[in-house]
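>>> sequence plus predicted model, see below.
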Amino acid sequence: MKLMPLSLAVAATLLVTSASAQQYTFKVGAAYINPNATSSDITGRMAIKPPGFPSAVNKDVDANIQLEVQPQTAFIFSIARSFGDNWEGELFLGFPPEHDVKMRMNNERVKTLASLDPTAIPAPYAAAGVTAGTVVGAKHIASYDGKVVAKLKQFAPTAFINYKFGTPQSTWRPYVGVGVNFTHVKPEPTRDGETFYNDGKVRTKVSDSWGLALQVGMSYHLDDTWLISAGYATAQVRNKIRINTDNADSVHRASYKFNPSIWMLTVGRKF
């Protein structure tokens with residue numbers, strides 16, 4: 001892990017060091033980011049108080065409940081500096097996109113319990129220990145399947161070392177790059193996220209991530225100054241999540257391990 005910050009520093013240094021055929025290229029454009037991110041099962045204890053129910057329902061989190069980050073578009077820009085005819089260092093930045101986070105509930109038992117009437121529980125279920133509180137809790141949980149329970153902003157600067165095929169005079173220049181990504185996530189619960197617990201302020205912490213990044217693309221040089229680029233990038237991103245409320249029993253944990261798909265279209269100018 002200590003090598004990751006060093007790699008980012010080395011890649012950034014390449015943007016400002018002296019070399020032959022030095023040239024800056026500034027790109028600006030848009031990216032479509034598909035996080036491909038569904039968390040592991042949420043684990044821990046939960047204390048929810050469904051609206052209208054007299055007391056909180058304290059229980060372990062049911063299996064097969066995850067958080068799914070939704071795709072988003074973002075404004076991006078990069079600064080690159082060549083060192084030689086075919087190599088360059090590039091640093092990608094942008095305005096942090098805001099992703100919706102949906103709850104996904106794939107537990108058939110919860111769905112079955114949610115279909116019951118809490119005032120008339122069938123004998124087989126009652127014999128198995130199913131109570132009115134169990135049914136009300138299941139109805140409450142099932143009703144949040146597919147709802148946006150949080151918003152998250154991600155700040156993800158990424159440094160690449162790129163190899164550009166062809167010559168500086170080529171009109172079309174394919175390129176490939178390898179680098180390092182840093183991802184910082186700032187989550188905020190939505191109104192649905194707060195009312196899901198109905199237990200005071202929801203606090204969410206997400207760990208930072210360092211990981212390998214790759215990109216591939218093509219640049220079309222309109223002239224000696226302007227170019228248009230289309231590319232695809234991905235990175236290794238791993239985050240740990242901790243969710244808690246004012247109730248000490250409501251502590252949830254999960255993790256993400258995903259490789260986002262990032263499609264980019266930019267316009268660039270060489271200096």
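Perfect, thanks for sending it. Note that the coordinates shown come from a computational prediction; the quantities given were computed from them, not determined experimentally.
>>> can you give me the helices in the stretch 101-250 of the chain?
108-114, 123-127, 132-142, 191-197 (DSSP state H, counting those that start in this stretch).
>>> mind checking the ones you listed for the one nearest to residue 74?
Nearest to residue 74, of all the helices of the stretch 101-250 of the chain, is helix 191-197, at 22.5 Å by Cβ to Cβ. All C-beta spots, glycine's among them, are computed from the backbone N, C-alpha and C.
>>> buried sites along the closest one?
For helix 191-197, the neighbour count (16 or more other Cβ atoms under 10 Å) marks 193-197 as buried.
>>> can I get the CA coordinates of that helix in CSV?
Provided in CSV are the C-alpha atoms of helix 191-197 (Å, rounded to 0.1, in the frame of the first residue of the first chain):
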residue,chain,number,x,y,z
ARG,A,191,-34.7,10.9,3.4
ASP,A,192,-35.5,7.3,2.7
GLY,A,193,-32.2,6.3,4.2
GLU,A,194,-33.1,8.1,7.4
THR,A,195,-36.6,6.8,7.6
PHE,A,196,-35.5,3.3,7.0
TYR,A,197,-34.0,3.3,10.5
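>>> that one - contacts with which helices or strands?
If contacts are counted by 3 or more Cβ pairs under 8 Å, 6 or more residues apart in numbering; DSSP states H and E, helix 191-197 sits against strand 43-48, strand 148-155.
>>> can you tell me the centre-most residue of the protein?
Nearest residue to the geometric centre of the chain (Cα atoms, centre = their mean): residue 35, 5.2 Å.
>>> where does pLDDT dip in the protein?
For the chain, the stretches flagged by pLDDT under 70 are 1-22, 47-57, 199, 247-250.
>>> go with 80
1-22, 44-61, 197-200, 245-252 (pLDDT under 80).
>>> need the winner for burial among the helices of the stretch 101-250 of the chain.
Per residue and on average, the most neighbours among the helices of the stretch 101-250 of the chain fall to helix 132-142, with a mean of 20 (mean count of other Cβ atoms under 10 Å).
>>> packing partners for that one?
The contact analysis (3+ Cβ pairs under 8 Å, 6+ apart) places helix 132-142 against strand 43-48, strand 57-60, helix 108-114.
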